[in-house]
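Engineer: Just a sequence and a predicted model for now, questions to come.
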Amino acid sequence: MAEEASARKATIVVFAGSLDKVMGAFIIATTCAAMGLETTMFFTFWGLSALRKGNSSAQCKRNWMQKMLAMMLPKRAADLPLSQLNMAGMGSTMLKQIMAQKKMASLPELIETAQDLGVRMIACQMSMDAMGICKDELMDGVEVGGAATYVGEAKDAQINLFIS
Amino acid sequence: MAEEASARKATIVVFAGSLDKVMGAFIIATTCAAMGLETTMFFTFWGLSALRKGNSSAQCKRNWMQKMLAMMLPKRAADLPLSQLNMAGMGSTMLKQIMAQKKMASLPELIETAQDLGVRMIACQMSMDAMGICKDELMDGVEVGGAATYVGEAKDAQINLFIS
Amino acid sequence: MAEEASARKATIVVFAGSLDKVMGAFIIATTCAAMGLETTMFFTFWGLSALRKGNSSAQCKRNWMQKMLAMMLPKRAADLPLSQLNMAGMGSTMLKQIMAQKKMASLPELIETAQDLGVRMIACQMSMDAMGICKDELMDGVEVGGAATYVGEAKDAQINLFIS
């Protein structure tokens, strides 16, 4: 019965869009995957920014409110602010510098590692519709799904986290 | 053994009091309930605002600090701000407009759906005491409980989320 | 099979460093431990502030960016701000006053209770390195570990929460 208790699956909802929290999500996700867990990340609301490629060529249909929103949101993982002490980007830049000095993986590197380890990344359809973000501007390999996709995975997983 | 791994119960702690996060909580809760999971939501701290009815007739005993707090906190679900880009309520209003255009459910509609699907909603007694919020101003059907009520549910549930 | 579903272990990641969220984490952790669950808390990023002793004698090696960060972060649990309505510390002070009037446990008391109940507290090594926080300034009894330590515990636990 002992192995019953051990997880085979993990899910992480990434609701937050700040550098520190998204990095926390990827550090746990890559660790789960490296330890043999089937790992799925669901990106919703502010978390969608972490999946944007920053390609200005993307053709998404947006109304004027969504255009404003798309302009205000970070355009790619490397641009995410800190959730605290961001100080107009200075805090975020300092954290990245310290982590580089300490030879820690950057967020873009963590995302690449996650993809290499087979972590599934799913963007929330409803949030994409609400925020006017389209598949064309998301990184390659990202799937699109809904809340039922998420609950379907989570109900069979032992580690379920919500990072807001 | 396969069905052993599948959840029968889900719990969500709603600690946050912003429109986006509370909506996220209700979207997951209603999806869980619709997929057959016995679902319980625990509202604590800022999350209590989502359960207030906005009835000015409510008679709660508050000291002066609690009166100030009650005045500063949102008076009902429809008044919740966004956690980011709220811009004095403009962001919140815009999000609600976009969602209405896209025929998505509003927060008050999601709450009603949750109640129809039998989602249990429990308000945290200790937070109510600290913040001076009394049962008289909470929506009908909301139960009151403590941390032990929560852990009692969570320890038998497979999906346990904390939305902060 | 009924007992299969019941948790024996709980883990809580404390990513947030605000008084309200850290208190929420300790209230759940102490309740879990009191109800017989083997409970582990992982403190990472902003959450590390809750473990600092506030001893100015601590000798940590920090570069200038880390010195700035260490100065800006709260020096001990009793100094944590509120995540909302902090109003330059007034909100935090008011909440502590209300809780004292209601005879609720303060955060330092909750931490002591957690230690008495055998709750394991683990500080995240990588966050300590990034933020320039060293073991010398953390409370006694705190262990140091990495993401693998966390996932190793979480995969056998039924209650896994992430408080951000």
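Structural biologist: In hand now; what should we look at?
Engineer: Close to chain C: what parts of chain A are there?
Structural biologist: For chain A, the residues found near chain C under the criterion C-beta under 8 Å from any C-beta of the partner chain are A:1, A:4-7, A:10, A:16, A:20-21, A:24, A:27-28, A:31-32, A:34-35, A:37, A:83-85, A:94-95, A:97-99, A:101-102, A:104, A:158-164. Backbone N, C-alpha and C define where each C-beta goes, glycine included.
Engineer: Near chain B, list only the ones from the residues you listed.
Structural biologist: Checking the residues of chain A next to chain C against chain B by C-beta under 8 Å from any C-beta, the ones in range are A:4, A:158, A:160, A:161, A:162, A:164.
Engineer: Skipping adjacent residues, who's closest to the last one in space?
Structural biologist: Distances taken as C-beta to C-beta, 6 or more residues apart in numbering or on different chains put residue A:15 closest to residue A:164, at 4.4 Å, once the chain neighbours are dropped.
Engineer: Tell me where chain A has helices.
Structural biologist: For chain A, applying DSSP state H gives helices covering A:19-34, A:64-72, A:90-101, A:107-116, A:125-131, A:147-154.
Engineer: can you list these in JSON lines and add mean pLDDT and mean neighbour count?
Structural biologist: What follows is those, written out as JSON lines (pLDDT from 0 to 100; neighbours: other C-beta atoms under 10 Å in any protein chain shown):
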{"stretch": "helix A:19-34", "mean pLDDT": "98", "mean neighbour count": "25"}
{"stretch": "helix A:64-72", "mean pLDDT": "88", "mean neighbour count": "15"}
{"stretch": "helix A:90-101", "mean pLDDT": "90", "mean neighbour count": "16"}
{"stretch": "helix A:107-116", "mean pLDDT": "97", "mean neighbour count": "17"}
{"stretch": "helix A:125-131", "mean pLDDT": "94", "mean neighbour count": "19"}
{"stretch": "helix A:147-154", "mean pLDDT": "97", "mean neighbour count": "21"}
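Engineer: export those helices to CSV and tack on distance to residue A:141?
Structural biologist: Formatted as CSV, the helices of chain A follow (distance: least, C-beta to C-beta, whole Å):
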stretch, distance to residue A:141
helix A:19-34, 14
helix A:64-72, 22
helix A:90-101, 24
helix A:107-116, 6
helix A:125-131, 16
helix A:147-154, 16
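Engineer: picking up where we left off before, so of the ones next to chain B among the residues of chain A next to chain C, which ones are in strands?
Structural biologist: A:160, A:161, A:162 (DSSP state E).
Engineer: Can you verify my assumption that the last one contacts residue A:13?
Structural biologist: Yes: because the distance of 4.6 Å satisfies C-beta atoms under 8 Å, residue A:162 is recorded as touching residue A:13.
Engineer: Common neighbours of those two, please.
Structural biologist: Both residue A:162 and residue A:13 are in contact with residue B:161, where contact means C-beta atoms under 8 Å, 6 or more residues apart in numbering or on different chains.
Engineer: What parts of chain A come near chain B?
Structural biologist: A:4, A:8, A:13, A:15, A:17, A:44-46, A:63, A:65-66, A:68-69, A:72, A:126, A:129-130, A:132, A:147-148, A:150-152, A:154-158, A:160-162, A:164.
Engineer: which residues touch the closest residue to residue A:145 other than its chain neighbours?
Structural biologist: Of all residues not flanking residue A:145 in the chain, residue A:122 sits nearest, at 4.4 Å (C-beta to C-beta, 6+ apart). Listed by C-beta under 8 Å, 6+ apart, the contact set of residue A:122 reads A:40, A:41, A:42, A:43, A:142, A:143, A:144, A:145, A:149, A:150.
Engineer: cool, and residue A:144?
Structural biologist: Counting by C-beta under 8 Å, 6+ apart, residue A:144 touches A:122, A:123, A:125, A:128, A:135.
Engineer: quick one: residue A:156 and residue A:10 touch, right?
Structural biologist: No: using C-beta under 8 Å, residue A:156 makes no contact with residue A:10, being 10.6 Å away.
Engineer: neighbour-wise, which of those two wins?
Structural biologist: Taking neighbours as other C-beta atoms under 10 Å in any protein chain shown, residue A:156 and residue A:10 compare with residue A:10 leading, 28 against 19.
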